[in-house]
Each structure stands twice: as C-alpha cells, then as structure tokens.
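Colleague: Okay, predicted coordinates and the sequence, questions at the end:
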Amino acid sequence: MSLVGFKITNHPQQVGKRGASDTIDERITPPAIFEPLREEFAFTLDAAANLHNRKTPRFFDLESDGLRQSWGDHRVWCNPPYSDIRPWVEKAWAEHRAGCPLIVMLLPANRCEQRWWQDLIEPFRDGRGPLETRFYRGRFNFGLPDNPEGKFHSSPPFGCVLAIWEADRAAA
C-alpha cells in the first residue's frame, strides 16, 4: 500500500466550517485534571465555556465570544473547541504579547503534525520560547452535557497536552 497522494482529513467534528457548537465541542474538563491546575495557577477567567461547564466565575461563552474579547490581566484557563483550534492558539499568542500574565490551554495531543501545532506551538516550546508544554500520560474522560462527570465511556481517542504561556517565563 502506498501513501503517495494521501491527504489527511479530520473527522467532521474536528472542522470549523459550521463554527463552534456546544453540542459538538463541549468537553467538560474533569475536576481531577482541573483542580490541581486551579491551585497551581489561580485562574480568573475561563475563555471558552458556558454557564454549565465554566471553571471560573468570569467566563466567555459562544455569545460573548472569547476570541473577540480581551483577556487583559486575567489568569486564563481555556479548553477551546477542538473543531477549530488554530484561532484559539493565535488568540493566546496575541494576548500573551499584549501582556496577559498567564494562559493555560488544554489541547489534543494527537495533532502535533497539523499546521496549527507546527506553526504556533512546536517552534516555541520547552526552552525554545515562552511556551511550556505538559503532556498528560494516558487518556482521561471528559464530561459531556449528558454525562458531566465523565463516568460513562467519554474518553476521547487521544491524549491531551497543556500549552502554558506565562509572562514570567517570557521575561526569563
């Protein structure tokens, strides 16, 4: 079998032509993953949430659109819609450059070959720029709207990675 001419395509849920949708993109970060991060980073804004899955009192939902809002001086948590990741990573870079002190983004770890990763993450991570990555070991269950605790086979077919932009790291 030859791979010549093979073109990778994403599952329909991974493409953003229709825009983000809570019914497709809502993957609730499990408390066991989020709580240690909250303790470490003291988040003040959830940049991609809704009223039911927000991780901080201040949040942006589909209507308020975290891509159009300033993240300002907040300490930002972002579990972006996986159907269209690139604009969220671009937004994180723009906000980091504008002085946002901290952005922590939960991303799928199985897309390292995709352009958004190769352009926006790989060249700058782990000692090559102001970006730290932390790969999670194994997979974990996300909560879903009808299964918020993630108890019923809600593990995605991929692992996850944190991308962390921190002002102190950029200064060092």
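Modeller: That came in fine, so what should we check first?
Colleague: bridging residues for the residue lying closest to L107 once chain neighbours are set aside?
Modeller: Counting by CB to CB, 6 or more residues apart in numbering, L107 lies nearest to V161, which is 5.3 Å off, once chain neighbours are set aside. C-betas here are computed from N, CA, C, even on glycine. Beta-bridge partners recorded for V161 (DSSP bridges): L107, F135.
Colleague: Roughly how far does V161 sit from S70?
Modeller: Distance from V161 to S70, counting by CB to CB, to the nearest Å: 26 Å.
Colleague: quick one: average confidence on stretch 98-117?
Modeller: For stretch 98-117, the mean pLDDT works out to 92.
Colleague: Buried residues in it, which are they?
Modeller: For stretch 98-117, burial by neighbour count (16 or more other CB atoms under 10 Å) applies to 100-109, 111, 114, 116-117.
Colleague: So which of the residues you listed are in helices?
Modeller: Secondary structure assignment by DSSP state H places W116, W117 of the buried residues of stretch 98-117 in helices.
Colleague: Now for D119: which residues touch it?
Modeller: D119 makes no contacts at all, as judged by CB atoms under 8 Å, 6 or more residues apart in numbering.
Colleague: what are the phi and psi angles of P87?
Modeller: Recorded main-chain torsions at P87 are phi -60, psi -30, according to degrees, to the nearest 10.
Colleague: Could you find the closest non-adjacent residue to it?
Modeller: L67 (5.7 Å).
Colleague: P108 now?
Modeller: Nearest to P108 is F158, by CB to CB, 6+ apart, at 4.9 Å.
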